[in-house]
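Novice: sequence-free structure coming up:
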Ligand code: AMP
């Protein structure tokens, strides 16, 4: 089963993909996480993309597609994959079709987590993570017990550089200009399932489970 999670930054793709990873036993591959890992480890790729991520722009298609191709060739992706944050352009979507075709496979479903723009801005600007265990918090909807401190391990809470208010607006513009056309692209192919992302995490997940049941039917 191959799934793409779509939706604006802050829609909850990563949270839902983590839940699905456990249920479906398929790897959750998040392009943003792969880039951030490379930046943290100061690899050549990391050096190449750091400034682009900080600005909130998209990494060039050729670089992103190369990274995903490499990740998809790992043995854990052989049975299927949950992609989060990729594809983000029509060119990436076409490259993904080729990557699946090369292994006689195909994309089964695109889950589009739909959410109002005003809600997104609040979610992104309020999003903080534990520096140690990565647990996400939101200062409004799911705050830690003590401000700035992780409930689980007492780690310091930090903000992604690109979640700062000045970059959030730009990321949303990039999403609406370059990524949102993919919604119609996948709807036309009959692959799109729309999920109401403004519900609680459990309800969104319930809707997703309903949608993916039957997605493997021919
Ligand atoms: P995310 O964690 O998905 O919000 O991604 C963080 C950043 O990584 C984005 O703002 C882009 O700079 C870069 N990025 C992630 N995925 C892609 C992609 N599919 N194409 C281009 N850039 C990407």
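Specialist: Received, thanks. All of these numbers come straight from a predicted model, not from anything done at the bench. Numbers count the residues shown, from 1 in each chain.
Novice: Of all residues in this protein, which one is closest to the ligand?
Specialist: The shortest separation between the chain and the ligand is 2.0 Å, found at residue 32 (distances taken as C-beta to the nearest ligand atom). Heads up, the C-betas are built off the backbone N, CA and C, glycines and all.
Novice: Report the next helix or strand after the helix or strand where that residue lies in sequence order.
Specialist: Secondary structure from DSSP states H and E places residue 32 in helix 31-40. Beyond helix 31-40 in the direction of the C-terminus, DSSP H and E gives the next helix or strand as helix 44-55.
Novice: buried ones in that following helix?
Specialist: 45-46, 49-50, 53 (16 or more other C-beta atoms under 10 Å).
Novice: cool, and stretch 173-190?
Specialist: Buried residues in stretch 173-190, defined by neighbour count with 16+ other C-beta under 10 Å: 174-175, 179, 182-183, 185-186.
Novice: Pull up the distance across that stretch, start to finish.
Specialist: The straight-line separation of the ends of stretch 173-190 (C-alpha to C-alpha, to the nearest Å) is 26 Å.
Novice: what residues are up against the closest residue in space to residue 91 that isn't next to it in sequence?
Specialist: Ranked by C-beta to C-beta, 6 or more residues apart in numbering and with sequence neighbours excluded, the top spatial neighbour of residue 91 is residue 61, at 4.8 Å. By C-beta atoms under 8 Å, 6 or more residues apart in numbering, the residues touching residue 61 are 89, 91-92, 95.
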